[in-house]
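Asks: fold the following, please.
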Amino acid sequence: MSDPLLRAFVLDRLGLRGPLWTAAEAADHAVDLGMIQIDSIRVMGLRNHELAWAARAEAPVSGLYDLFYQRRAMIETHYPVFATRRDWLPWFLRDFDKALNADRLRELRPLMRRIVKHIGEHGPVSPADFDTERVAGGFNTIKASTKALEYLFYTGKLQIVGRTVHFHRLFDLTERVGTDLSMPLPNWKRESGLFFVQSALSVLKLATAQQLAERTAHHIGAWRGGLPQARKLVEKAEKQGLIARVPFGDADGEKAPHFALKSDIEAFSARAGISDDQARLIPPLDNLLFNRRRLTELFGFTYKFEAYTPQHQRRFYFALPILYRDQVVGQLDAKKEGDDWRVLDLDIHGDLPVEALRLATHRLARIVEASRVTVASTVPVKWRKGLTGNVVV
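Replies: Okay, here's the model as predicted:
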């Protein structure tokens, strides 16, 4: 594994090291993450983004939704489904005149006009409010109205302003959400596209040139040049001093250097000595896992998200990596069953006190209002005895 300071740095800048964020500071720290991935899977009482919040903040999960849909300091995108910094949003809207689905956009314009009129007269809507033909999209097909709502978002006409009780997106007119979101798309070529490098590094916090190029390509979008364009932009950003090599890591220079924003390097210098003895359970789509190769290289841990793997071929379903003292020390799979928060499987490969894991599991159980933590009989007895018990409110 690499220098311990690299691991400490990336965890610290991602809010996964030191004291949990207080309710007063949680929103501002969350915005500093740049983006948070949203996912609908909810097997242990919390969804991916809610688990990401719980791993960092002592504030209730409701504070995350307040950040997204009330304060709107972060705005939900349509697909991929992220909440992104409000001032970043225009950069991620699509240039439909250059995108491959421009023809479909023209076909859907009459439906889009009807939907905008309906929202103007009746208020926010979800895809479930319309009954239209199915067209190509999503994992296979999708309702034409859902595709029209997606296009209206990407052209800046609508924003996602909330979720229904069934977790469907609610769309409203951009003019009602904020005039700043009605601004024209930035001219990314005139701005040299360097925003995409800076935003990618703001999300990753630490990356090799290749890792940064891969994330930058994700922010650029395939229709704007993808990975080849991203590599050029990373080289340009380094030459212009917009990104900096971290002053620690592989001392003999045999490994690829890591890059970070200067502001993150400066902020970490005052926090490098922080100790953290609490275990954290992080979700499969956490910011720490945005680049799985980096996770393996820094922590010596390879993670596979098995939710879409056939049941007979997987061990875990929604496994949560376990952090302890700047290390990934294992993973845990759990499910909320009635009043029980049940640990289904557990794999520990590093040093981890039983009490530290007990506190972490019981904290999540308390958040989802479970009354007891139970553990499957297949889990080793040491952990089964140590984790099982009533949750103290």
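Asks: now the helices for this structure?
Replies: 4-13, 26-32, 48-54, 62-69, 102-122, 144-154, 174-177, 194-204, 209-220, 226-239, 262-269, 292-299, 354-367, 381-387 (DSSP state H).
Asks: okay if I get those helices as JSON lines plus mean neighbour count, mean pLDDT and distance to residue 85?
Replies: Where C-beta positions appear, they are placed from N, C-alpha and C, glycine not excepted. JSON lines is the format used below for these (neighbours: other Cβ atoms under 10 Å; pLDDT from 0 to 100; distance: least, Cβ to Cβ, whole Å):
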{"stretch": "helix 4-13", "mean neighbour count": "22", "mean pLDDT": "94", "distance to residue 85": "15"}
{"stretch": "helix 26-32", "mean neighbour count": "18", "mean pLDDT": "96", "distance to residue 85": "6"}
{"stretch": "helix 48-54", "mean neighbour count": "24", "mean pLDDT": "97", "distance to residue 85": "15"}
{"stretch": "helix 62-69", "mean neighbour count": "19", "mean pLDDT": "95", "distance to residue 85": "11"}
{"stretch": "helix 102-122", "mean neighbour count": "14", "mean pLDDT": "91", "distance to residue 85": "25"}
{"stretch": "helix 144-154", "mean neighbour count": "23", "mean pLDDT": "90", "distance to residue 85": "17"}
{"stretch": "helix 174-177", "mean neighbour count": "16", "mean pLDDT": "90", "distance to residue 85": "15"}
{"stretch": "helix 194-204", "mean neighbour count": "23", "mean pLDDT": "95", "distance to residue 85": "8"}
{"stretch": "helix 209-220", "mean neighbour count": "22", "mean pLDDT": "94", "distance to residue 85": "12"}
{"stretch": "helix 226-239", "mean neighbour count": "18", "mean pLDDT": "93", "distance to residue 85": "19"}
{"stretch": "helix 262-269", "mean neighbour count": "15", "mean pLDDT": "94", "distance to residue 85": "15"}
{"stretch": "helix 292-299", "mean neighbour count": "18", "mean pLDDT": "93", "distance to residue 85": "22"}
{"stretch": "helix 354-367", "mean neighbour count": "19", "mean pLDDT": "97", "distance to residue 85": "25"}
{"stretch": "helix 381-387", "mean neighbour count": "16", "mean pLDDT": "97", "distance to residue 85": "37"}
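Asks: and the ones you listed: which comes nearest residue 92?
Replies: When these are compared by Cβ to Cβ, helix 209-220 sits nearest residue 92, at 7.2 Å.
Asks: the closest one relative to helix 194-204, how many degrees between them?
Replies: Relative orientation of helix 209-220 versus helix 194-204 (axes from the mean of the first three to the mean of the last three Cα atoms, to 10 degrees): 110 degrees.
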